[in-house]
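Trainee: Let's see this in three dimensions:
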Amino acid sequence: MVTIYHNPKCGTSRNVLAMIRASGVEPEVIDYQKTPPSRDRVRQLAADAGLTIRQVLRRKNTPHDELGLDDPSLDDEALLDAIAAHPILLERPFVVTPRGTRLCRPSETVLDLLDNPPARFTKEDGEMVGR
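Mentor: Numbers count the residues shown, from 1 in each chain. Below is the predicted model of the structure:
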């Protein structure tokens with residue numbers, strides 16, 4: 001079972017989803033903005049990926065700066081509150097497979113999680129990736 005926390009408006013997320021499908025797998029696709037993961041799930045995704053809550057915060061095209069989330073005095077609970085209130089703050093895409101959990105940025109990071117990764121893949125921008 002493969003799960004992707006996906007944003008269909010994000011090119012990186014679309015590339016990761018396409019690479020998963022090119023490997024012969026139809027993943028569970030969770031549009032994390034329509035169906036946000038719980039605080040505990042965000043905490044687990046970050047931990048499983050070896051990241052801190054601060055490292056899974058997205059800055060670009062989000063209210064990150066307006067909310068002052070760079071403030072080092074904010075603890076994980078405050079950051080999780082912000083993600084819960086504004087799911088767009090969760091960086092994407094997260095992919096969960098039996099091989100592990102990763103924040104797949106850049107998109108080719110997903111290849112390490114797939115049993116049958118595509119040998120070569122052309123990303124939306126025309127860049128070729130593969131092994």
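
Trainee: Buried residues, the lengthiest helix in the chain. List them.
Mentor: Among the segments of the chain that qualify as a helix by DSSP state H, the longest is helix 11-22. By neighbour count on 16 or more other Cβ atoms under 10 Å, the buried set for helix 11-22 is 12, 13, 14, 15, 16, 17, 18, 19, 20, 22. For glycine as for every other residue, the C-beta is placed from the backbone atoms N, C-alpha and C.

Trainee: Which neighbouring elements make contact with it?
Mentor: strand 3-6, strand 120-122 (3 or more Cβ pairs under 8 Å, 6 or more residues apart in numbering; DSSP states H and E).

Trainee: Can you tell me which of those strands has the worst average pLDDT?
Mentor: Of all the helices and strands packed on helix 11-22, mean pLDDT reaches its minimum on strand 120-122 (a mean of 88).

Trainee: List the contacts of that strand.
Mentor: The set of residues external to strand 120-122 that reach it, using Cβ atoms under 8 Å, 6 or more residues apart in numbering, is 15, 18, 19, 22, 108, 128, 129, 130.

Trainee: can you do 7 Å?
Mentor: The list of residues contacting strand 120-122 from outside it, by Cβ atoms under 7 Å, 6 or more residues apart in numbering, reads 19, 22, 128, 129, 130.
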